[in-house]
Each structure stands twice: as C-alpha cells, then as structure tokens.
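Q: how would this look folded up:
(chains A, B, C and D)
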Protein chains: 2
Amino acid sequence: MHESLIAVNDSTVAGLGRLARFFGFSDVMGRLYGTLLLSPTPLSLDDLASRLKISKGSVSMNMRALERWGMAKEVWMRGERKKYYMAESDLWQVIRNVLASRERREVQLALQVLSESIEKLQSAEDELTKEEKELSRFYLERMADLQAFFQVAQMALETVLGGDDTLDFEAITKMELG
Amino acid sequence: MHESLIAVNDSTVAGLGRLARFFGFSDVMGRLYGTLLLSPTPLSLDDLASRLKISKGSVSMNMRALERWGMAKEVWMRGERKKYYMAESDLWQVIRNVLASRERREVQLALQVLSESIEKLQSAEDELTKEEKELSRFYLERMADLQAFFQVAQMALETVLGGDDTLDFEAITKMELG
DNA sequence: CTGTACATTCAAAACGTTTTGAACGCAGGG
DNA sequence: CCCTGCGTTCAAAACGTTTTGAATGTACAG
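A: Here you go, the predicted model:
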C-alpha cells in the first residue's frame, strides 16, 4: 500500500478519534468509525481489531455503541458467518442522531431544573427573612440568565434538527471561504 | 439559611458542573463557577474550599484555570490580603472566550490536516497502482465530506463569535416558547 | 528581620475509565 | 450430537485523571 494512502488513513482515523472525544465519546469509537469511513468495503470485527491493534472485546463493545448512535450499520454478507459493518457516511445524519438523542435531553433537563428552582424560590418567598429575600432576588436574576442561555441552545438545536432540507455538501465544499 | 435557597444553590452548582464536563472542563471548575455565580459578594479561596468541601490546592489550581478562560476575575478587596474572585456573569462572554480560544483552533487544525491530506493524495497519484488509485479517489470523496463538515462548523463558529451585537437576554427570556 | 497568613506547587494516593483476554454462549456444518 | 468459528461478557489489570496535603513560596505587618 502506498505511503500516502497510509498516512492519510492514519491522520484521518486519529482526527476522528479526537472528534469523538470532543463529542464525549471514546477515542476508540471515533477510530472505529474512521476506519469504516475509509473502507470501501464493510469490515468484520476481526478486521477492525487487527487494523486498530486493539482487542476483539473492545471492538465488539464499541461497535455496538456505534450502532446505537446510528454511526455504523451492520451489513449482511451472504455466505458469511461474520458480522460486517459499514460507517453511516452521511455526517449530518450522524450529528442529528447525537444531537437528537443526547443533547436535546440535556437541554430539556436543564430547563426543567431551572423552572423548578424558580418556582421553589417564588413559593418560599413568604417564609424568608429580609436578607434571604435579597439573596433570593439575586438568585432569580441568575436563573433567568441561565434560562436564557439554555433557551438559545434549545433553539439552535431545534434549528439543526428541524431543518429537513438536507444541507448541500457539494455546494459548501466549493464555496469560496475568506 | 432557608431550605429553598440551599436546594437551588445545590442544583445549580451541580448543573454547572455537568455543563463544564460537557464542554470538556473539569467538574470542579464548573462547581466553582456556579458557586461564584450565586454569590452576591466575591469569595476567597478558603470560602470556596469550605463551601465545596474540597482542598485548597484544588481550588487554587482550578481558579487559575477559570481565570485563564475568562470565566472568573480576581477582585481586590481593600484592606484584605486574601484573593477574592467573582464569576464573569455574562454567559455569552464566557462562551465566546471558550469558542474563540479553543474550538476555533481545533477546527482550523482539522481543516489544515484535511487540505494536506488532499494535496498528498493528489501529488502521489502518478506513483499509484490501479487499485491504489481507486482507493485514493474514494478517500478524496470522504475528505471532501469531512471538509464540508468542518467548514460548516467554522462558519457557525464565526457567526457566533463575529456578531458583536450582543444577544438580548431579556428578550429571549420573555419569549413565548412552544 | 521575623512571624503570620495566605497562595502555590507537586508527588503520592485515590479514584474512575478503558482495555484486555479468558471464559462463556451460540449457531451452523459435518 | 459434537466441533468449530464466531460474538459477547466481565473481572482484573492497565492506564489516565483528579484530589489531596505537606512542603514551599511570598508578601505584608509589626
């Protein structure tokens, strides 16, 4: 195999490991995804284990995680008893899966906790001493700021998730960037 | 101190710990930030250590990290020898600091590596066998997809960072959300 | 100059996460 | 049936990160 192909493969796999870490996944998940993304043919668990030089057990567990996140799909090869996988190569689809099933929950939970906090402070107002009331008003300001922050996050999320008109990769690639 | 104030403080501090983790910081940094955010007065290292029940050493190191990220500021209290800190309470400012000094670099690095990969493949074309050429073309497609992805990320980043008209918290808080 | 009250540093310990590999389970072929 | 080849599981080990606290540094008051 030519050196350039190996080098490109290596840096891409490493880069996707980084990216995975950034998104809160394990390095291995990213590297497995990268390996599949750069393989024209589906790969078996053993293929993946030997390419990345990691144990079969780790590949098995991490591939199931990738499947759950919609980043890889199992492929049935006729006449084969092995499991084969390929990457979900539509990156926007991957992003949407992650955002929809993980970040959305996080944001909603945060907003819920904030609402409850605000209610709690408001309904406790009568029982507070003068000093406590002052602190309570201060807290309410901060809660409002945090609420605003998460509401912007929620709007941004829903924008990315809601737009069913797929972003055009080709167009973006060819754009002139300052 | 009234139970409601304590409960709200606890859940907010915990929540900001979560948020910090999400952004790749340590839990302690988030909790320190939260504690400061909910304090009407600046706090000393000892105050923070005793409120969060962690060692002073940890507070010292994590507070310096918070300072570097522009999430907290030192405050000089006249007649005091202690260091006092307060939170940077403009959350957008905090986000911008983080995005500008960390994520921007990441995205630029990724784009650079991708460009180099593409060049490498193109300039090696003559030396490739027929099969290698096929793989190389496949790689180039994937590289283009990744480039498009990071370019969108870059645009999104610059949009958030570039807009010097500050987002209006008040307006957002009062919005009707479906 | 000395003592005091703080902040900082860093090596060791605690803790959490990831990886491994051996044991196990399971299906299909002979 | 039993054997073979595969996937899965999980306890133990390796590894990485965070926390601690004692040692050290520093500045100021007296």
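
Q: buried residues, stretch A:102-109. List them.
A: Within stretch A:102-109, the residues that qualify as buried are A:103-104, A:107, counting by 16 or more other Cβ atoms under 10 Å in any protein chain shown. In this view, the C-beta of every residue, glycine as well, is placed from N, C-alpha and C.

Q: go through those and say which is closest to chain B.
A: Within the buried residues of stretch A:102-109, the smallest distance to chain B is 8.7 Å, found for A:Glu103 (Cβ to the nearest Cβ).

Q: on the three-state scheme, the residue nearest to the closest one when sequence neighbours are not counted is what?
A: Spatially, and ignoring its direct neighbours in sequence, A:Glu103 is nearest to A:Leu157 (6.0 Å; Cβ to Cβ, 6 or more residues apart in numbering or on different chains). Recorded secondary structure, A:Leu157: helix (DSSP: H, G, I helix; E, B strand; the rest coil).

Q: pull the number of nearby residues for A:Leu157.
A: 17 (other Cβ atoms under 10 Å in any protein chain shown).

Q: any idea how far it lies from DNA strand C?
A: Separation of A:Leu157 from DNA strand C (Cβ to the nearest atom of the strand, to the nearest Å): 24 Å.

Q: any idea how far DNA strand D is from that residue?
A: For A:Leu157, the distance to DNA strand D - Cβ to the nearest atom of the strand - is 26 Å.

Q: tally of neighbours for A:Arg64?
A: 12.

Q: wasn't it part of a helix?
A: Yes. Judged by three-state DSSP, A:Arg64 forms part of a helix.

Q: tell me the residue of chain A that sits nearest DNA strand D?
A: For chain A and DNA strand D, the shortest gap (Cβ to the nearest atom of the strand) falls at A:Gly57, measuring 2.9 Å.

Q: what lies in contact with the strand or helix carrying that residue?
A: If you go by DSSP states H and E, A:Gly57 is part of helix A:56-68. Under the criterion Cβ atoms under 8 Å, 6 or more residues apart in numbering or on different chains, residues A:25-26, A:28-29, A:32-33, A:45-46, A:48-49, A:52, A:72-74, A:85 lie in contact with helix A:56-68.

Q: for stretch A:35-45, same thing?
A: Residues contacting stretch A:35-45 (Cβ under 8 Å, 6+ apart): A:9, A:12-13, A:16, A:48, A:51-52, A:56, A:59-60, A:63, A:72, A:75, A:77, A:82-87, A:89, B:134-135, B:138-139, B:142.

Q: state the pLDDT value of A:Gly162.
A: Listed pLDDT for A:Gly162 reads 82.

Q: name the strands paired with whichever helix or strand comes after the helix holding A:Gly57 and say parallel or antiparallel.
A: For helix A:56-68, the following helix or strand on the C-terminal side (DSSP H and E) is strand A:72-75. Next to strand A:72-75 in the sheet, as set by DSSP bridges, lie strand A:84-87 (antiparallel).
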